[in-house]
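Student: coordinates for the following, if possible.
(chains A and B)
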Amino acid sequence: MSTDRTDPGTRDGVGRPGLLAGRAVLRRLGGVAVVDGVDLTVRPGRVTALVGPNGAGKSVLLDCLSGLARPDGGRILLDDLDITRAPCHRRARLGLARTFQQVAVFPELTVADNVLVGAEQRRRRPTAPGAAALRVAGALRLLGLTPLAHRPAGDLPLGVLRLVELARALAGSPRVLLVDEVSVGLDAGQVAQVARVLALVAREGAGVLLVEHDLGLVSRLAELAYVLDGGRVVATGPIERVLADQRVRRLW
Amino acid sequence: MADPGLAIDFALAGVAVGAAAALSGVGLVVCYQLTGVLNLAQGGIAVFIAYLLRELVVVRGWPVGWGAVLCLLVVAPGLGMLLQLAVFGPLQRRRAAVGELVVACVGVLVLLIGAVAAIWGTTPLADVPALVPARTVTLPGGHLLRVDAVAQLGAVLVIAVALWAVGRWTGFGVRARAVSADPTLAELAGVNAGRVAAAGWAFGSFAAGLVGVLLAPLVLLDPYGLPLLVMETLAVAVAARLRSLPIAVAVGLALGIGQSELSWLHPAGTLGPLLDAVQSNLFAVALLVAALVPWGFVEGFADQGLLGGGGLPQLGRPPGGGRGRGWAAVACALALLTPLALRAGGVRAVLTVPALALILLSVVLVTGGGGLVSLGQGAFAGLGALAAALLASGRIPAGAALVVTVLGLAAAGLLIGRPVVHRRGLVLALVTFALALGLSRFVFEQPYATAGLTVLRPAFLRGDHAFYAAELAVLGAGALLVAAVRRGRLGRALVAMRDHEAGAWAAGVAVPRVKLLVFGLGASLAGAGGVLLALAGEAFDASVFDPVQGLLWFAAVVVAGVDSAVGAVLAAFALVGLDAATVPGMSAVVVGALAAGAGWLPGGLAGGIRRMVAG
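Tutor: Numbers count the residues shown, from 1 in each chain, chains lettered A, B, ... in the order given. Down below sits the predicted model:
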């Protein structure tokens, strides 16, 4: 409907659609608009940050984008394809992958099988036998998980589980990757590794939406940022300008 | 029809049942609010207290008043506190999943029912003492008013108002409301949630006992009928969404009076029997409706685990367990093959084992594999048995009947599963139980569906040895099906879905479709078991597919290890063997005790054995 609330100077130009876009997304919980008319674009080949204080509606917005929650208003577009009503697994199979704030792994499966679930569900039939296994091996290597491949995920510490989850998301060769608070529970080395991987993913052409409290990580990776407060976008634009904004700084 | 006076008479007659139902609803709501557990064991407590009161008054000659005081004010609350101490406290301390709480409740239920059957036998009893003598007074206008109904109505209203006052004005009430809003937060604030839960169970058991004592004189008292009747009043608590006392009271009274008013319409014609069935089973209909209507977003439910993960904790494969598993499978196969070497009488005694094993295998697939807490597998078996009987009566070969039934049940499972499988946790358990109840009341027990059915085995299966061998072949096919589903891509998708549904969905697993597939396959497996049960007994016996029986089967599988196909076969042997070797009800006592002990023995017997083997 309207993009008035966003900074007009940095609004997305018409006719230049990004890969994933939310238009006037509205989500109510118990009568309260938790996400209140948000416009947001995740462009291909870039890391876009979504920041804001606790309870700003970041995770709910992510649920709306990924299909776990149905928005009460607005539209979600993936490459001009309206996926507002598409179920979560359809979106995943269209190339929309995500990780969760509360780490979502399958403790009964091994690390390799966790990643394999992400690799093999994407298309109805794997294009070639072994293609899925190849993608799994690649994702494990990228995140340094190869030595743990045959360990049950249930035995591993939180930091490693975040990497497993990220590997699962990557194994589906996503075109858009939504990452929710990935740095929580990671040590400095793991954070650096995740930063390298996300930068690589963006360089290879995927759009990355990074929901993150660690502003150091955000400013290192992201080019663009959206600031969410009370369910609305209160600022958006290039990352350094947004983070320098007085109104935004007051939120922390 | 036209006489309004008659309508009033019927309304007054319905008050007695309505008051009992309202009381049941109030007990369930309070218990849920204080403990976070929907007391599915209520029917078991009710029937136990009702039998105990009859024992004291009729057999031992106590005055009704003293018996009632002992039963309702001492034994019932004590039983409730014992439940908190021994069963639910340990589960809550380790934040058990909602599936485990359901299993523990079902365990307590079948334990109490089994105990009643083992102690007092299964013969229906008519000489049940009433708390208030059934006297009537004549109102102005000539209407008859039953004193007992008025007393019951008064008691319900007094209890509801007293609960409200306690919650509003006492320190305990404040603590209880804190626990019901958020147990974790309340504990952090220094409230002893365990003590509040104990009070919840004490009150819940008292209410359950009172409901049992009030309803028992209205029916023939037997160990299976009364619990089911009480469980139908779950409708009241479900309609109140487990939170509102006024709604519970209103719905209970409305259903009681409505049932009475319906009995007044006796329509003729083909719809007559169906409407009669609706009238006598109005509570079952209400439960089905109340459970199926979307629960919507009710604040607090997600936190309290009502909708949270419905699965049961699974134990990963034991280290180096491939070999141990292999040995267990070999032992299981030997146990199944041995009867073929026995003489005719020996085979006859175990004819129902492979059939039952198939039904239990369907629970392994649906609950163990798919993480769906379905309490309705027994009903699918019943449908299978009924279909077999109908087809066999039409002189169709048994093999063809089996195939047609299995395919038909897969279709039925998909059809029934569609509106059901996306429900989670406790709601799914309730919906499937309601379906089982509905099928039992409206199909299996109705003469229009089951009268004049004969089940004859075809000539080549007439001999018990031949039939047993055929059963083994079907069971083998079922086991292969389960194994196939749990392997490869689908198997991984199932585990992922069970472990973290949202994560699996986001990873691209078509969660709704996979659930439906598992539910449909489970229905066809259970149906095949039902066909075999009917052929084994050469009869359709509705009591075999009673919903309580279905609960017992569910609990047996969980006890034997919900993800273990071998466990399911051994459980079938145990169920058939225990009752045959001792008294009917013994299998329920054993299974119930083990299921109720889930707080002490995670993963069931199989889990305990695996932990022992693993050292």
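
Student: for the stretch 51-200 of chain B, which segments are assigned as strands?
Tutor: B:136-138, B:144-146 (DSSP state E, counting those that start in this stretch).

Student: what's the first one packed up against?
Tutor: Here strand B:136-138 is seen to pack against strand B:144-146 when contacts are counted using 3 or more Cβ pairs under 8 Å, 6 or more residues apart in numbering or on different chains; DSSP states H and E. Just so you know, the C-beta spots here come from the backbone N, C-alpha and C atoms, and that holds for glycine as well.

Student: the strand it packs on pairs with which strands, and in what direction?
Tutor: According to DSSP bridges, strand B:144-146 forms sheet pairs with strand B:136-138 (antiparallel).

Student: contact partners of the partner strand?
Tutor: B:Leu144, B:Leu145, B:Arg146, B:Val147 (Cβ atoms under 8 Å, 6 or more residues apart in numbering or on different chains).

Student: partner residues bridging the first one?
Tutor: With DSSP bridges as the criterion, B:Leu144 is bridged to B:Thr138.

Student: quick one: name the residues of the stretch 1-150 of chain A near chain B.
Tutor: A:29-30, A:66-68, A:87-89, A:92-93, A:97-98, A:100, A:104-109, A:113-114, A:116-118, A:120-122 (Cβ under 8 Å from any Cβ of the partner chain).

Student: in ChimeraX, select just the buried ones from the residues you listed.
Tutor: The buried residues among the residues of the stretch 1-150 of chain A next to chain B can be selected in ChimeraX (16 or more other Cβ atoms under 10 Å in any protein chain shown) with this line:
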select /A:66,67,68,87,88,89,92,93,97,98,100,104,105,106,107,108,109,113,114,116,117,118,120,121,122
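
Student: of the residues of the stretch 1-150 of chain A next to chain B, which belong to strands?
Tutor: A:Leu29, A:Ala97, A:Arg98 (DSSP state E).

Student: quick check: beta-bridge partners of the first one?
Tutor: Read it as A:Leu29. With DSSP bridges as the rule, A:Leu29 is bridged to A:Val32.

Student: what is the neighbour count of residue 151?
Tutor: With no chain named, the answer covers chain A. Residues near A:Arg151, counting by other Cβ atoms under 10 Å in any protein chain shown, number 15.

Student: I was thinking of chain B, sorry if that wasn't clear
Tutor: Neighbour number of B:Ala151 under other Cβ under 10 Å is 16.

Student: same deal with B:Thr367?
Tutor: B:Thr367: 28 neighbours (other Cβ under 10 Å).

Student: quick check: the gap between it and chain A.
Tutor: As defined by Cβ to the nearest Cβ, to the nearest Å, B:Thr367 lies at a distance of 15 Å from chain A.

Student: next one: B:Ala581
Tutor: 37 Å.

Student: tell me the confidence at that residue?
Tutor: Listed pLDDT for B:Ala581 reads 79.

Student: ok, now B:Glu299?
Tutor: B:Glu299 is given a pLDDT of 37.

Student: and the residue nearest to B:Trp120 when sequence neighbours are not counted, how many neighbours?
Tutor: Sequence neighbours aside, B:Tyr51 is the residue nearest to B:Trp120 in space, at 5.2 Å (criterion: Cβ to Cβ, 6 or more residues apart in numbering or on different chains). Residues near B:Tyr51, counting by other Cβ under 10 Å, number 25.

Student: need the contact list for B:Tyr51.
Tutor: Applying Cβ under 8 Å, 6+ apart, the residues contacting B:Tyr51 are B:Val116, B:Ile119, B:Trp120, B:Leu221, B:Pro223.

Student: can you check B:Leu375 too?
Tutor: So B:Leu375 contacts B:Val102, B:Val106, B:Ala429, B:Thr432, B:Phe433, B:Ala436, B:Pro547, B:Gly550, B:Leu551, B:Phe554 (Cβ under 8 Å, 6+ apart).

Student: now the strands of the stretch 51-200 of chain B in CSV, with mean pLDDT and mean neighbour count?
Tutor: Shown next, in CSV, are those (pLDDT from 0 to 100; neighbours: other Cβ atoms under 10 Å in any protein chain shown):
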stretch, mean pLDDT, mean neighbour count
strand B:136-138, 76, 11
strand B:144-146, 74, 15
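
Student: next, format those strands as a markdown table and append distance to B:Gly561.
Tutor: Listed next are the strands of the stretch 51-200 of chain B as a markdown table, based on distance: least, Cβ to Cβ, whole Å:
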| stretch | distance to B:Gly561 |
| --- | --- |
| strand B:136-138 | 56 |
| strand B:144-146 | 51 |
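
Student: how about those, which one is nearest B:Gly67?
Tutor: Between B:Gly67 and the strands of the stretch 51-200 of chain B, the tightest spacing by Cβ to Cβ is seen for strand B:144-146, at 21.7 Å.

Student: sec struct for residue 48, please.
Tutor: By default, I'm working from chain A. strand (DSSP: H, G, I helix; E, B strand; the rest coil).

Student: which residues of chain A fall in strands?
Tutor: So, for chain A - with DSSP E - the strands run A:20-29, A:32-42, A:47-51, A:73-78, A:81-82, A:96-98, A:176-180, A:207-211, A:224-229, A:232-238.

Student: out of those, which comes closest to B:Val289?
Tutor: Comparing those under Cβ to Cβ, the one sitting nearest is strand A:20-29, at 26.8 Å.

Student: longest helix anywhere in chain A?
Tutor: Of all the elements of type helix in chain A, the one with the most residues (DSSP state H) is helix A:188-203.

Student: any idea what the nearest residue to A:Phe100 once chain neighbours are set aside is bridged to?
Tutor: In this structure, A:Phe100 finds its nearest non-sequential neighbour in A:Asp180, 5.7 Å apart by Cβ to Cβ, 6+ apart. Beta-bridge partners of A:Asp180, counted by DSSP bridges, are A:Val211.

Student: A:Asp180: neighbour count?
Tutor: 23.

Student: for it, report the pLDDT, please.
Tutor: With respect to pLDDT, A:Asp180 has a value of 92.

Student: check contacts around it.
Tutor: A:Asp180 neighbours (Cβ under 8 Å, 6+ apart): A:Lys58, A:Ser59, A:Leu62, A:Arg98, A:Thr99, A:Phe100, A:Gln101, A:Val211.

Student: going through the residues you listed, which ones are buried?
Tutor: Using 16+ other Cβ under 10 Å, the buried ones in the contacts of A:Asp180 are A:Lys58, A:Ser59, A:Leu62, A:Arg98, A:Thr99, A:Phe100, A:Val211.

Student: now the third one: how far from B:Phe48?
Tutor: By that I understand A:Leu62. Distance of A:Leu62 to B:Phe48, computed by Cβ to Cβ, to the nearest Å: 50 Å.
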